[in-house]
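Student: Okay, structure incoming, though there's no sequence with it:
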């Protein structure tokens, strides 16, 4: 028996948290799902600022940052710094590869 792909395990671990899974779903349509008043970057091209994610989810900024960092380390989102703020957007190509890998693994 071969060991599962470490990237698949990392991604599944990140998605096992219901809030992280919900955040990734909301990022599919950021303009519809996040309060973007005062945005400083395009939410589709650059991503959604952690402060806007925090407003939507209602958790502490440190918790949101930790959740987004885990999604980033799993390769599911792209992080972009704009000034002192970090913005996140889905990595659609990586998500598609993950779905393919999951289908082959199961």
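Tutor: Cool, got the structure. What you see is a predicted model; the values in this text were computed from it and never measured.

Student: which residues in the chain form strands?
Tutor: Counting by DSSP state E, the chain has strands at residues 48-49, 77-82, 85-90.

Student: chain center to the shortest one: distance?
Tutor: This means strand 48-49. 11 Å (C-alpha atoms, centre = their mean, to the nearest Å).

Student: Could you list every helix and strand in contact with that strand?
Tutor: Judged by 3 or more C-beta pairs under 8 Å, 6 or more residues apart in numbering; DSSP states H and E, strand 48-49 is in contact with strand 85-90. Quick note: C-beta positions are derived from backbone N, CA and C, even for glycine.

Student: What strands flank the strand it packs on, and is each parallel or antiparallel?
Tutor: strand 48-49 (antiparallel), strand 77-82 (antiparallel) (DSSP bridges).

Student: can you put those strands in JSON lines and add mean pLDDT?
Tutor: Listed next are the strands paired with strand 85-90 as JSON lines, based on pLDDT from 0 to 100:
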{"stretch": "strand 48-49", "mean pLDDT": "94"}
{"stretch": "strand 77-82", "mean pLDDT": "95"}
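
Student: now, of those, which is deepest in the fold?
Tutor: Of these, the one with the most neighbours on average (mean count of other C-beta atoms under 10 Å) is strand 48-49, at a mean of 25.

Student: Residues in contact with it: which ones?
Tutor: Strand 48-49 is contacted from outside by 27, 30, 34, 36, 39-41, 82, 85-89, using C-beta atoms under 8 Å, 6 or more residues apart in numbering.

Student: how does it look with 6 Å?
Tutor: 30, 34, 85, 87, 88 (C-beta atoms under 6 Å, 6 or more residues apart in numbering).

Student: Show me which of those are buried.
Tutor: 30, 34, 87, 88 (16 or more other C-beta atoms under 10 Å).

Student: which among these gets closest to residue 12?
Tutor: The nearest member of the buried ones among the contacts of strand 48-49 to residue 12, counting by C-beta to C-beta, is residue 88 at 19.2 Å.

Student: I'd guessed the closest one sits against residue 69; true?
Tutor: No: with contact defined as C-beta atoms under 6 Å, residue 88 does not reach residue 69; the gap is 9.6 Å.
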